[in-house]
Structure formats: structure tokens, C-alpha cells
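K.L.:
Below is the sequence, then the predicted model.
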Amino acid sequence: QFLQEENEKRSVTILFSTHIFDGLEEWGTHVTYIKHGTLSFNKPMADIEELAVLRAQDYLTPLFEFVCRRVHADAAEYRRKR
């Protein structure tokens, strides 16, 4: 709540890096994904098709599911390359 209020009051960008997703989807605007130290993508949440699909499938926490899928896919890719 505090970060959301600060964002709205001061019109600032807040970089939120966390493993806690509770409530984040209600006020986050963009997802930035860094893979192996390189920017993989930076998109508005509304433009992420996979996230929209997860919402349509009534996932309780679509953003969390999206991130989990990305992390698991990256881990599998890393294992294949080793």
C-alpha cells in the first residue's frame, strides 16, 4: 500500500524485486525480466499475452504462475546446455 501511494503521489517509478506476489498484480504496471544478467524483456503487464491467458484461465495468482513458468523454463534450458 505504501509503495502504491508513493507512486501515485510523487509520480515516480518503483522497481520492486521480490519473491512476494501478494497484491502486486493489482498495482504493478510493467514486468521486467532479466535472464542471466541480460534484459530479456520489459513490457506493460497488459501486453504480456501469456499473463492474459492465465487470467482467463482463472489462476488465483496469474503473475506468480507466469514468473514460475519463466523460471522453470530457464532452469530447464540451463540444464540442457550443461
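P.N.:
Cool, got the structure.
K.L.:
tell me, which helix in the chain spans the most residues?
P.N.:
helix 62-81 (DSSP state H).
K.L.:
Pull the residues that contact it.
P.N.:
Helix 62-81 is contacted by residues 21, 24-25, 28, 31, 33, 35-36, 45, 48, 50-51, 54-55, 59 when judged by C-beta atoms under 8 Å, 6 or more residues apart in numbering. In short, each C-beta sits where N, CA and C put it, glycine included.
K.L.:
List just the nearest of these to Glu8.
P.N.:
Nearest to Glu8, judged by C-beta to C-beta, of the contacts of helix 62-81 is Gly28 at 13.2 Å.
K.L.:
and the residue nearest to the closest one when sequence neighbours are not counted, what does it touch?
P.N.:
Computed as C-beta to C-beta, 6 or more residues apart in numbering, the closest residue to Gly28 that is not its neighbour in sequence is Met45, at 6.0 Å. By C-beta under 8 Å, 6+ apart, the contact list for Met45 reads Glu25, Gly28, Thr29, His30, Val31, Leu51, Leu63.
K.L.:
Quick one: residues contacting the residue nearest to the spatial centre of the chain.
P.N.:
Nearest residue to the geometric centre of the chain (C-alpha atoms, centre = their mean): Val31, 4.4 Å. Contact analysis of Val31 by C-beta under 8 Å, 6+ apart lists Phe41, Asn42, Lys43, Met45, Ile48, Leu51, Leu63, Phe66.
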